[in-house]
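fold the following for me, if possible:
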Amino acid sequence: MGITLFKQPELEKPALLCGWPGIGNIGIIAVDTLRGELRAEEFGEIEPWDFFYPEKVSIKDGLLKDLEFPTNKFYYKRLGKRDLIFFIGEQQPSEGGRMYASGAKAYQMANLVLDVAEKFGCHRVYTSGACVSPIHHTMEPRVVSVVSSRNLIQEVNSYPNTILISEMGGGESEGVITGLNGLLLAVAKKRGLEGISLMGEIPDWLSNSPFPYPKASKLVLEVFAGILGVEIDFGILDRMVAQIEEIIEGVYQAFPAEIKERYDERKLAIQAKPGGITEQDARWIKEHIDELFKKRGKQGGERPI
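Numbering: from 1, shown residues only. Alright, predicted model coming up:
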């Protein structure tokens, strides 16, 4: 188990930006799009052997050729005084068949990521993911933030369309960040590094959908672009958003009339609060979500990546 570095880039106080698959793939789409737009260069990886099972085995002429594992790679980009390190993981290490990082493997992974960050003088860590929220799908999602220290609150309040998780409707002041998005920030704090998580809102009923939610990814990416002072071409994301929104609207139109009526109450909310649909409504949507998306997929052509 270890780290392989192909290069030793000279970086000045880089920030670390991390992305993994998760609900709606909100975080990884935002972070990986930024990496691609900035043309960050690969310089290392975490060896996968102790974290993942192979995804497939390639065979040629009856001979075993290779094992393919999920990749976990480091990239860097020099941006004047805002040098960056990206860590992009294709999968979160977990135990017991869970979707999100958990257990000893997740803790080991977090420490290896931060070992590389500290080696190059990293001072701040950003993670990104999804914030499941009782909002209507036609509402503009917000970027919900969690910070590791009070002295970061004023800075985060200056970001556009961004609120602290404690400012969300419903009166909740506590919450949980699942997987490496939360674990990495906690380990970073113990090491004395600043940490900020930027999470895009996704309507609760879409949290189990088989499609990404680029509408929230775009808003998170806009915040990152503002922080770094860089210009981003949102063309690809805009096309993804249009395609997914058409599919979501089709699924919504298939709701029973009484559920749709209660759900539409969310359009009137100034700050989204739990409600608008009953527990029975939520259970019906959850039980039928796959069926609705499959039906819509057959009618709507290709499924987006």
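
name whatever forms a beta bridge with Leu64.
Ile59 (DSSP bridges).

how about Val146, secondary structure?
strand (DSSP: H, G, I helix; E, B strand; the rest coil).

and the residue nearest to it when sequence neighbours are not counted, its phi and psi?
Nearest in space to Val146, with sequence neighbours left out and distances taken as CB to CB, 6 or more residues apart in numbering, is Ser197 at 4.5 Å. (C-beta placed from N, C-alpha, C; glycine too.) Main-chain dihedrals, Ser197, degrees, to the nearest 10: phi -110, psi 130.

I'd say Ile163 and Pro141 touch.
No. Judged on CB atoms under 8 Å, Ile163 makes no contact with Pro141 at a distance of 11.1 Å.

okay, now Gly229: neighbour count?
As a burial measure, Gly229 scores 9 neighbours (other CB atoms under 10 Å).

check contacts around it.
Arg82 (CB atoms under 8 Å, 6 or more residues apart in numbering).

so that it lines up with my notes, have the first residue be 18 from now on.
With 18 as the first residue, the last one maps to Gly246.

returning to that earlier point: so Ile180 and Pro158 - more neighbours on which side?
Comparing Ile180 with Pro158 by other CB under 10 Å, the one with more neighbours is Pro158, at 25 against 18.

what about the more buried one, helix or strand, and which?
Secondary structure assignment for Pro158, by DSSP states H and E: no helix or strand.

mind checking the end-to-end distance for stretch 30-50?
22 Å (CA to CA, to the nearest Å).

list the buried ones in that stretch?
Neighbour-count burial for stretch 30-50 flags 31-50 (criterion: 16 or more other CB atoms under 10 Å).

ok but Met216 is inside a helix, no?
No. Looking at Met216 with three-state DSSP, it is strand, so not inside a helix.

could you find the closest non-adjacent residue to it?
Cys148 (4.0 Å).

and the gap between the one you found and Tyr230?
11 Å (CB to CB, to the nearest Å).

same question, Gly212
Distance from Gly212 to Tyr230, by CB to CB: 24 Å.

list the residues that contact both of Cys148 and Tyr230?
Common neighbours of Cys148 and Tyr230 (CB under 8 Å, 6+ apart) are 217, 219.

so which of Gly212 and Tyr230 has more stuff around it?
Each of Gly212 and Tyr230 has its neighbours counted (other CB under 10 Å); Tyr230 has more, 27 against 22.

these two touch, right, that one and Ile45?
No. Using CB under 8 Å, Tyr230 is not in contact with Ile45; the gap is 11.6 Å.

circling back: now, the buried residues of stretch 30-50 that are in strands?
Using DSSP state E, the subset of the buried residues of stretch 30-50 located in strands is 32-36.

will you turn those residues into JSON lines that also has pLDDT and distance to Leu96?
Listed next are these as JSON lines, based on pLDDT from 0 to 100; distance: CB to CB, whole Å:
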{"residue": "Ala32", "pLDDT": "96", "distance to Leu96": "10"}
{"residue": "Leu33", "pLDDT": "97", "distance to Leu96": "14"}
{"residue": "Leu34", "pLDDT": "97", "distance to Leu96": "12"}
{"residue": "Cys35", "pLDDT": "95", "distance to Leu96": "17"}
{"residue": "Gly36", "pLDDT": "93", "distance to Leu96": "18"}
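
show me which of the residues you listed is closest to Ile276.
Checking those against Ile276 by CB to CB gives Gly36 as the nearest, at 33.9 Å.

wouldn't that closest one be in contact with Tyr143 here?
No. If you go by CB under 8 Å, Gly36 and Tyr143 don't touch, sitting 9.4 Å apart.

now do the strands in the stretch 18-167 of the chain.
Ranges of strands in the stretch 18-167 of the chain, per DSSP state E, counting those that start in this stretch, are 20-22, 32-36, 58-63, 73-77, 80-85, 89-94, 101-106, 141-150, 160-164.

sorry, back to before: on the pLDDT front, check the residue nearest to Val163 for me.
For Ser214, the pLDDT comes out at 95.

what residues are up against it?
143-146, 162-164, 194, 198-199, 202.
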